[in-house]
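Trainee: Dropping the sequence and predicted coords here.
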Amino acid sequence: MNFQKILKENISFFINYFKNSELILCQNITTREVLMQNIRIAIQKSGRLSEDSIDLFKECGIKLDMGKGRLKSVSSNFNAEFLFLRDDDIPGYVEDGVADLGIVGENVLVESAKNVDLVKKLGFSKCRLSIAIPREDSFDGAQSLQNKSIATSYPKLLSKYLKENDIKANIHEISGSVEIAPSIGLADAVCDIVSSGSTLLSNGLKEVQEIFKSEAVLIGNKNLSAENKSILEKILFRINAVQKAQDHKYILLNAPNEKLPEIINIIAGMKSPTVMPLAAEGWSSIHSVLEEKAFWEKIEALRNAGAEGILVIPIEKMIL
Ligand code: ATP
Ligand code: ZN
(Lines give C-alpha, C1' and ligand atoms only; values in the text may rest on other atoms or scores of the structure.)
(Ligands and ions follow the chains in the order given, each with its own letter.)
Protein backbone atom coordinates (compact mmCIF):
# COMPACT_ATOMS: atom_id res chain seq x y z
CA MET A 1 0.00 0.00 0.00
CA ASN A 2 1.53 3.33 -0.93
CA PHE A 3 1.79 6.40 1.24
CA GLN A 4 -0.81 8.37 -0.71
CA LYS A 5 -3.38 5.57 -0.28
CA ILE A 6 -2.73 5.37 3.46
CA LEU A 7 -3.05 9.16 3.74
CA LYS A 8 -6.36 9.18 1.85
CA GLU A 9 -7.82 6.34 3.89
CA ASN A 10 -6.86 8.03 7.14
CA ILE A 11 -8.27 11.36 6.05
CA SER A 12 -11.52 9.66 4.97
CA PHE A 13 -11.70 7.99 8.37
CA PHE A 14 -11.40 11.31 10.20
CA ILE A 15 -13.89 13.02 7.92
CA ASN A 16 -16.43 10.28 8.58
CA TYR A 17 -15.65 10.35 12.30
CA PHE A 18 -16.21 14.09 12.52
CA LYS A 19 -19.26 13.95 10.26
CA ASN A 20 -20.78 11.42 12.64
CA SER A 21 -19.95 13.76 15.49
CA GLU A 22 -21.74 16.44 13.50
CA LEU A 23 -18.60 18.53 13.34
CA ILE A 24 -19.58 19.73 9.89
CA LEU A 25 -16.67 22.13 9.99
CA CYS A 26 -14.31 19.29 9.28
CA GLN A 27 -15.80 18.66 5.84
CA ASN A 28 -13.41 21.42 4.77
CA ILE A 29 -10.65 18.83 4.96
CA THR A 30 -11.94 17.45 1.64
CA THR A 31 -10.21 20.28 -0.18
CA ARG A 32 -8.35 19.92 -3.46
CA GLU A 33 -4.98 20.19 -1.73
CA VAL A 34 -5.46 17.27 0.66
CA LEU A 35 -7.48 14.64 -1.16
CA MET A 36 -6.49 15.16 -4.78
CA GLN A 37 -2.91 14.70 -5.67
CA ASN A 38 -1.01 17.31 -7.64
CA ILE A 39 0.33 16.34 -11.02
CA ARG A 40 4.07 17.11 -11.13
CA ILE A 41 5.18 19.02 -14.21
CA ALA A 42 8.87 19.55 -15.00
CA ILE A 43 9.77 22.64 -16.99
CA GLN A 44 13.12 24.18 -17.91
CA LYS A 45 14.46 26.37 -15.11
CA SER A 46 16.05 28.93 -17.35
CA GLY A 47 16.68 28.82 -21.06
CA ARG A 48 14.96 28.96 -24.39
CA LEU A 49 11.97 26.84 -23.34
CA SER A 50 11.25 28.48 -19.98
CA GLU A 51 9.28 31.58 -20.90
CA ASP A 52 7.02 29.91 -23.47
CA SER A 53 6.38 26.95 -21.13
CA ILE A 54 5.32 29.30 -18.32
CA ASP A 55 3.21 31.38 -20.72
CA LEU A 56 1.47 28.24 -21.97
CA PHE A 57 0.31 27.33 -18.46
CA LYS A 58 -0.69 30.93 -17.74
CA GLU A 59 -2.77 31.03 -20.94
CA CYS A 60 -4.39 27.82 -19.70
CA GLY A 61 -5.37 29.68 -16.53
CA ILE A 62 -2.95 27.66 -14.37
CA LYS A 63 -1.13 29.95 -11.95
CA LEU A 64 2.49 29.26 -11.19
CA ASP A 65 4.82 31.32 -9.13
CA MET A 66 8.37 31.11 -10.40
CA GLY A 67 10.11 33.12 -7.70
CA LYS A 68 13.83 33.73 -7.99
CA GLY A 69 15.90 30.63 -7.24
CA ARG A 70 12.85 28.41 -6.62
CA LEU A 71 13.10 24.79 -7.68
CA LYS A 72 9.47 23.92 -6.98
CA SER A 73 6.15 25.71 -6.99
CA VAL A 74 2.59 24.55 -6.27
CA SER A 75 -0.14 26.17 -8.37
CA SER A 76 -2.61 28.14 -6.26
CA ASN A 77 -5.60 27.37 -8.53
CA PHE A 78 -4.93 23.98 -10.16
CA ASN A 79 -3.81 20.51 -9.02
CA ALA A 80 -0.29 20.95 -10.31
CA GLU A 81 3.16 21.26 -8.85
CA PHE A 82 5.97 22.58 -11.04
CA LEU A 83 9.60 21.45 -10.88
CA PHE A 84 12.18 23.77 -12.44
CA LEU A 85 15.02 21.71 -13.91
CA ARG A 86 17.72 21.61 -16.60
CA ASP A 87 16.07 20.50 -19.85
CA ASP A 88 18.45 17.54 -20.31
CA ASP A 89 17.31 16.02 -17.01
CA ILE A 90 13.57 16.26 -17.75
CA PRO A 91 13.06 13.08 -19.88
CA GLY A 92 14.84 10.98 -17.23
CA TYR A 93 12.78 12.42 -14.37
CA VAL A 94 9.56 11.79 -16.33
CA GLU A 95 10.62 8.21 -17.12
CA ASP A 96 11.40 7.56 -13.43
CA GLY A 97 8.11 9.14 -12.28
CA VAL A 98 9.82 11.91 -10.28
CA ALA A 99 7.78 14.15 -12.59
CA ASP A 100 4.53 13.06 -14.26
CA LEU A 101 4.77 15.46 -17.19
CA GLY A 102 7.49 17.61 -18.70
CA ILE A 103 8.19 20.06 -21.48
CA VAL A 104 11.36 19.60 -23.56
CA GLY A 105 12.59 20.10 -27.09
CA GLU A 106 11.91 17.05 -29.27
CA ASN A 107 15.68 17.03 -29.97
CA VAL A 108 16.42 16.47 -26.27
CA LEU A 109 13.64 13.88 -25.99
CA VAL A 110 14.88 11.76 -28.91
CA GLU A 111 18.55 12.12 -27.92
CA SER A 112 17.75 11.02 -24.36
CA ALA A 113 16.16 7.77 -25.65
CA LYS A 114 14.03 7.66 -22.48
CA ASN A 115 10.87 5.58 -22.39
CA VAL A 116 8.18 8.27 -22.06
CA ASP A 117 5.04 9.23 -24.00
CA LEU A 118 5.14 12.14 -26.43
CA VAL A 119 1.76 13.57 -25.40
CA LYS A 120 1.54 16.67 -27.55
CA LYS A 121 3.59 18.88 -29.85
CA LEU A 122 3.41 22.42 -28.53
CA GLY A 123 4.35 24.53 -31.55
CA PHE A 124 6.98 26.75 -29.90
CA SER A 125 10.83 26.64 -29.69
CA LYS A 126 10.95 25.49 -33.29
CA CYS A 127 14.48 24.76 -34.46
CA ARG A 128 16.47 22.22 -36.46
CA LEU A 129 19.50 20.05 -35.90
CA SER A 130 21.86 20.56 -38.82
CA ILE A 131 25.31 19.72 -40.10
CA ALA A 132 27.49 22.79 -40.69
CA ILE A 133 30.94 23.04 -42.20
CA PRO A 134 33.53 25.84 -42.65
CA ARG A 135 32.25 28.41 -45.15
CA GLU A 136 35.09 27.76 -47.64
CA ASP A 137 34.57 23.95 -47.75
CA SER A 138 32.37 22.26 -50.32
CA PHE A 139 29.56 19.82 -49.63
CA ASP A 140 28.17 17.27 -52.10
CA GLY A 141 25.72 15.44 -49.88
CA ALA A 142 26.31 13.08 -46.96
CA GLN A 143 29.30 11.47 -48.79
CA SER A 144 31.32 14.62 -48.06
CA LEU A 145 31.31 13.61 -44.39
CA GLN A 146 32.99 10.24 -45.02
CA ASN A 147 35.85 9.74 -42.51
CA LYS A 148 35.48 13.30 -41.21
CA SER A 149 35.23 14.28 -37.55
CA ILE A 150 32.02 15.96 -36.43
CA ALA A 151 31.52 17.76 -33.11
CA THR A 152 28.05 17.58 -31.54
CA SER A 153 26.00 17.44 -28.35
CA TYR A 154 23.62 15.05 -30.13
CA PRO A 155 25.64 11.85 -30.78
CA LYS A 156 22.58 9.57 -31.05
CA LEU A 157 20.72 11.69 -33.57
CA LEU A 158 23.92 12.21 -35.57
CA SER A 159 24.82 8.48 -35.57
CA LYS A 160 21.33 7.68 -36.83
CA TYR A 161 21.74 10.10 -39.74
CA LEU A 162 25.23 8.77 -40.56
CA LYS A 163 24.05 5.17 -40.38
CA GLU A 164 21.06 5.83 -42.64
CA ASN A 165 23.43 7.35 -45.18
CA ASP A 166 26.07 4.65 -44.80
CA ILE A 167 28.74 7.12 -43.66
CA LYS A 168 31.62 6.39 -41.30
CA ALA A 169 32.71 9.45 -39.33
CA ASN A 170 34.22 10.26 -35.94
CA ILE A 171 31.76 11.79 -33.54
CA HIS A 172 33.26 14.18 -30.97
CA GLU A 173 30.73 14.59 -28.22
CA ILE A 174 30.94 17.98 -26.53
CA SER A 175 28.38 19.59 -24.29
CA GLY A 176 28.47 23.20 -25.43
CA SER A 177 30.01 25.84 -27.74
CA VAL A 178 30.01 23.26 -30.51
CA GLU A 179 30.34 25.94 -33.22
CA ILE A 180 33.93 26.76 -32.36
CA ALA A 181 35.16 23.17 -32.84
CA PRO A 182 36.31 23.57 -36.51
CA SER A 183 38.14 26.86 -35.86
CA ILE A 184 40.19 25.32 -33.00
CA GLY A 185 40.98 22.21 -35.03
CA LEU A 186 38.81 19.85 -32.97
CA ALA A 187 36.54 18.77 -35.82
CA ASP A 188 35.92 19.16 -39.56
CA ALA A 189 32.21 19.81 -39.13
CA VAL A 190 29.57 20.35 -36.46
CA CYS A 191 26.06 19.03 -35.90
CA ASP A 192 24.13 21.56 -33.84
CA ILE A 193 20.81 23.29 -33.20
CA VAL A 194 20.06 26.09 -35.64
CA SER A 195 17.18 28.53 -35.78
CA SER A 196 18.23 31.68 -37.69
CA GLY A 197 21.74 30.50 -38.59
CA SER A 198 23.40 33.69 -37.31
CA THR A 199 25.56 31.86 -34.70
CA LEU A 200 26.95 29.58 -37.42
CA LEU A 201 27.65 32.53 -39.67
CA SER A 202 29.52 34.44 -36.97
CA ASN A 203 31.72 31.37 -36.44
CA GLY A 204 32.60 31.09 -40.13
CA LEU A 205 30.31 28.10 -40.73
CA LYS A 206 27.54 27.33 -43.22
CA GLU A 207 24.57 25.02 -42.74
CA VAL A 208 24.64 22.23 -45.32
CA GLN A 209 22.24 19.52 -44.14
CA GLU A 210 19.24 19.50 -41.82
CA ILE A 211 18.96 16.17 -40.01
CA PHE A 212 16.13 16.70 -37.51
CA LYS A 213 13.25 19.17 -37.05
CA SER A 214 12.30 20.02 -33.48
CA GLU A 215 9.73 21.88 -31.42
CA ALA A 216 8.73 21.88 -27.76
CA VAL A 217 6.76 18.79 -26.74
CA LEU A 218 4.74 17.77 -23.71
CA ILE A 219 5.93 14.40 -22.47
CA GLY A 220 4.34 12.10 -19.93
CA ASN A 221 5.23 9.15 -17.71
CA LYS A 222 4.10 5.81 -19.17
CA ASN A 223 2.25 4.79 -15.99
CA LEU A 224 0.22 7.80 -14.92
CA SER A 225 -2.33 7.12 -12.18
CA ALA A 226 -6.02 7.42 -13.09
CA GLU A 227 -6.15 10.66 -11.12
CA ASN A 228 -3.19 12.14 -12.99
CA LYS A 229 -4.66 10.99 -16.30
CA SER A 230 -7.79 12.98 -15.58
CA ILE A 231 -5.73 16.06 -14.59
CA LEU A 232 -3.75 15.64 -17.84
CA GLU A 233 -7.02 15.54 -19.80
CA LYS A 234 -8.02 18.87 -18.27
CA ILE A 235 -4.64 20.35 -19.18
CA LEU A 236 -4.90 19.04 -22.77
CA PHE A 237 -8.43 20.43 -23.12
CA ARG A 238 -7.10 23.87 -22.14
CA ILE A 239 -3.98 23.64 -24.33
CA ASN A 240 -6.16 22.69 -27.32
CA ALA A 241 -8.44 25.70 -26.69
CA VAL A 242 -5.41 28.03 -26.51
CA GLN A 243 -3.78 26.53 -29.62
CA LYS A 244 -7.03 26.63 -31.62
CA ALA A 245 -7.47 30.29 -30.70
CA GLN A 246 -3.90 31.07 -31.80
CA ASP A 247 -4.63 29.47 -35.19
CA HIS A 248 -7.80 31.50 -35.77
CA LYS A 249 -8.95 35.13 -36.05
CA TYR A 250 -12.35 36.70 -35.53
CA ILE A 251 -13.40 38.75 -38.56
CA LEU A 252 -16.10 41.43 -38.95
CA LEU A 253 -16.95 43.11 -42.24
CA ASN A 254 -19.67 45.03 -44.05
CA ALA A 255 -21.08 44.15 -47.46
CA PRO A 256 -24.00 45.04 -49.74
CA ASN A 257 -26.78 42.46 -49.41
CA GLU A 258 -26.52 41.28 -53.01
CA LYS A 259 -22.91 40.18 -52.32
CA LEU A 260 -23.82 38.10 -49.25
CA PRO A 261 -23.99 34.63 -50.90
CA GLU A 262 -20.51 35.02 -52.43
CA ILE A 263 -19.01 36.37 -49.18
CA ILE A 264 -20.62 33.69 -47.01
CA ASN A 265 -19.16 31.11 -49.36
CA ILE A 266 -15.65 32.49 -48.72
CA ILE A 267 -15.95 32.61 -44.89
CA ALA A 268 -17.95 29.63 -43.83
CA GLY A 269 -16.90 30.05 -40.16
CA MET A 270 -17.32 27.42 -37.44
CA LYS A 271 -20.96 26.66 -38.35
CA SER A 272 -22.03 29.54 -40.58
CA PRO A 273 -21.30 33.26 -40.35
CA THR A 274 -23.50 35.64 -38.34
CA VAL A 275 -25.27 38.14 -40.63
CA MET A 276 -26.88 41.27 -39.15
CA PRO A 277 -28.56 44.18 -40.96
CA LEU A 278 -26.80 47.56 -40.81
CA ALA A 279 -28.70 50.82 -40.23
CA ALA A 280 -27.80 51.72 -43.84
CA GLU A 281 -30.45 50.26 -46.18
CA GLY A 282 -29.29 47.23 -48.26
CA TRP A 283 -26.14 46.53 -46.19
CA SER A 284 -25.22 43.85 -43.68
CA SER A 285 -22.50 43.18 -41.14
CA ILE A 286 -20.96 39.70 -41.28
CA HIS A 287 -19.02 38.05 -38.41
CA SER A 288 -17.02 34.86 -38.72
CA VAL A 289 -13.88 32.96 -37.70
CA LEU A 290 -10.97 32.49 -40.11
CA GLU A 291 -8.09 30.03 -39.99
CA GLU A 292 -4.73 31.79 -39.77
CA LYS A 293 -3.13 29.63 -42.48
CA ALA A 294 -5.56 30.70 -45.24
CA PHE A 295 -5.95 34.19 -43.83
CA TRP A 296 -4.50 36.50 -46.50
CA GLU A 297 -6.00 34.58 -49.44
CA LYS A 298 -9.44 34.88 -47.84
CA ILE A 299 -9.02 38.61 -47.09
CA GLU A 300 -8.13 39.23 -50.76
CA ALA A 301 -11.10 37.15 -51.95
CA LEU A 302 -13.40 39.09 -49.59
CA ARG A 303 -12.17 42.46 -50.86
CA ASN A 304 -12.64 41.33 -54.45
CA ALA A 305 -16.17 40.18 -53.58
CA GLY A 306 -17.09 43.67 -52.29
CA ALA A 307 -16.43 43.44 -48.54
CA GLU A 308 -15.66 46.74 -46.78
CA GLY A 309 -14.59 47.86 -43.32
CA ILE A 310 -12.89 44.55 -42.53
CA LEU A 311 -11.88 44.20 -38.86
CA VAL A 312 -9.72 41.30 -37.65
CA ILE A 313 -9.58 40.51 -33.94
CA PRO A 314 -7.43 37.95 -32.07
CA ILE A 315 -9.31 35.20 -30.21
CA GLU A 316 -8.19 34.37 -26.67
CA LYS A 317 -9.71 30.89 -26.25
CA MET A 318 -11.70 28.68 -28.59
CA ILE A 319 -13.84 25.83 -27.23
CA LEU A 320 -15.38 23.70 -29.97
P1 ATP B 1 19.80 23.91 -19.85
O2 ATP B 1 20.62 24.89 -19.08
O3 ATP B 1 18.40 23.78 -19.29
O4 ATP B 1 20.49 22.60 -20.06
P5 ATP B 1 20.34 24.40 -22.67
O6 ATP B 1 21.40 25.45 -22.75
O7 ATP B 1 20.71 22.96 -22.88
O8 ATP B 1 19.56 24.59 -21.29
P9 ATP B 1 18.63 26.00 -24.38
O10 ATP B 1 19.65 26.70 -25.21
O11 ATP B 1 17.88 26.81 -23.38
O12 ATP B 1 19.19 24.67 -23.73
O13 ATP B 1 17.59 25.33 -25.41
C14 ATP B 1 16.54 24.53 -24.94
C15 ATP B 1 15.80 23.95 -26.14
O16 ATP B 1 15.26 25.02 -26.90
C17 ATP B 1 16.68 23.18 -27.11
O18 ATP B 1 16.87 21.83 -26.72
C19 ATP B 1 15.88 23.29 -28.38
O20 ATP B 1 14.82 22.36 -28.40
C21 ATP B 1 15.30 24.68 -28.28
N22 ATP B 1 16.18 25.66 -28.94
C23 ATP B 1 17.50 25.75 -28.89
N24 ATP B 1 17.98 26.76 -29.62
C25 ATP B 1 16.90 27.33 -30.14
C26 ATP B 1 16.73 28.46 -30.95
N27 ATP B 1 17.76 29.18 -31.38
N28 ATP B 1 15.47 28.81 -31.28
C29 ATP B 1 14.43 28.11 -30.84
N30 ATP B 1 14.54 27.01 -30.05
C31 ATP B 1 15.76 26.64 -29.71
ZN1 ZN C 1 20.34 21.50 -21.74
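Mentor: Received, thanks. A quick note: this is a predicted structure, and the numbers were derived from the prediction, not measured. Numbering: from 1, shown residues only. Ligands and ions are numbered 1, 2, ... in the order given.
Trainee: Quick check: nearest residue in space to N107, chain neighbours excluded?
Mentor: Once its chain neighbours are removed from consideration, N107 has its nearest residue in S214; the separation is 4.1 Å (Cβ to Cβ, 6 or more residues apart in numbering). For every residue, glycine as well, the C-beta is placed using N, CA and C.
Trainee: again, but for C60
Mentor: According to Cβ to Cβ, 6+ apart, the nearest residue to C60 is R238 (3.8 Å).
Trainee: that older thread, wait, the residue nearest to N107 sits on L118?
Mentor: No - the criterion here is Cβ atoms under 8 Å, and S214 misses it with L118 at 11.9 Å.
Trainee: hey, what's the closest residue to ligand 1 within the stretch 1-150 of the chain bridged with?
Mentor: When you check the stretch 1-150 of the chain against ligand 1 by Cβ to the nearest ligand atom, the closest residue turns out to be G105, at 2.0 Å. Note on G105: beta-bridge partners by DSSP bridges are A216.
Trainee: For T274, see how far away it is.
Mentor: Distance check for G105 against T274: by Cβ to Cβ, to the nearest Å, it reads 41 Å.
Trainee: Compare those two and say which one has the larger neighbour count.
Mentor: G105 (25 against 12; other Cβ atoms under 10 Å).
Trainee: Looks like that one contacts L49 (just checking).
Mentor: Yes - G105 is within contact range of L49, at 6.6 Å (criterion: Cβ under 8 Å).
Trainee: so the residue nearest to C60 is in which element?
Mentor: helix 226-246 (DSSP states H and E).
Trainee: buried set for that helix?
Mentor: Taking 16 or more other Cβ atoms under 10 Å as the basis for neighbour counts, the residues of helix 226-246 that come out buried are 228, 231-232, 235, 238-246.
Trainee: Let me know the closest of those residues to I313.
Mentor: A245 (11.2 Å; Cβ to Cβ).
Trainee: can you pull the contacts of the closest one?
Mentor: Taking Cβ atoms under 8 Å, 6 or more residues apart in numbering as the contact definition, A245 lies against 314-318.
Trainee: Need the per-residue pLDDT for it.
Mentor: pLDDT for A245: 93.
Trainee: which neighbours do S214 and L118 share?
Mentor: For the pair S214 and L118, residues contacting each of them under the criterion Cβ under 8 Å, 6+ apart are E106.
Trainee: Who has more neighbours out of the two?
Mentor: When neighbours are counted by other Cβ under 10 Å, S214 comes out ahead of the other of S214 and L118, with 22 against 13.
Trainee: Quickly note the distance from the residue nearest the centre of the chain to ligand 2.
Mentor: Here the mean C-alpha position of the chain is nearest to the C-alpha of L122 (Cα atoms, centre = their mean), at a distance of 2.2 Å. Distance, L122 to ligand 2, by Cβ to the ion, to the nearest Å: 17 Å.
Trainee: Test my guess that that residue contacts G102.
Mentor: No - using Cβ under 8 Å, L122 and G102 do not qualify as a contacting pair, with a distance of 11.5 Å.
Trainee: shared neighbours of the two, anything?
Mentor: Between them, L122 and G102 share the neighbouring residues L218, with contact defined by Cβ under 8 Å, 6+ apart.
Trainee: overlap in contacts of G105 and L49?
Mentor: Shared contacts of G105 and L49 (Cβ under 8 Å, 6+ apart): 87, 125, 216.
Trainee: Next, count neighbours for the last one.
Mentor: Taking other Cβ under 10 Å as the neighbour definition, A216 ends up with a count of 26.
Trainee: From I41, how far off is it?
Mentor: With distances taken as Cβ to Cβ, A216 is found 13 Å from I41.
Trainee: Need the overlap of contacts for these two.
Mentor: With contacts taken as Cβ under 8 Å, 6+ apart, A216 and I41 have I103 as neighbours in common.
Trainee: How confident was the prediction at K72?
Mentor: According to the model's per-residue confidence, K72 sits at a pLDDT of 93.
Trainee: Can you give me the distance of V178 to L162?
Mentor: According to Cβ to Cβ, V178 and L162 sit 16 Å apart.
Trainee: Over to E258?
Mentor: Using Cβ to Cβ, E258 is found at 64 Å from L162.
Trainee: of those two, who's got more company?
Mentor: Counted by other Cβ under 10 Å, E258 and L162 do not tie: L162 has more neighbours, with 20 against 9.
Trainee: Pull up the gap between that one and I171, please.
Mentor: Here L162 is placed at a distance of 8 Å from I171 (Cβ to Cβ).
Trainee: Same check on P273?
Mentor: Spatial separation of P273 from I171 under the definition Cβ to Cβ is 57 Å.
Trainee: Spit out the contact partners of the residue nearest to the centre of the chain.
Mentor: The neighbours of L122, taking Cβ under 8 Å, 6+ apart as the test, are 52, 56, 103, 215-218, 239.
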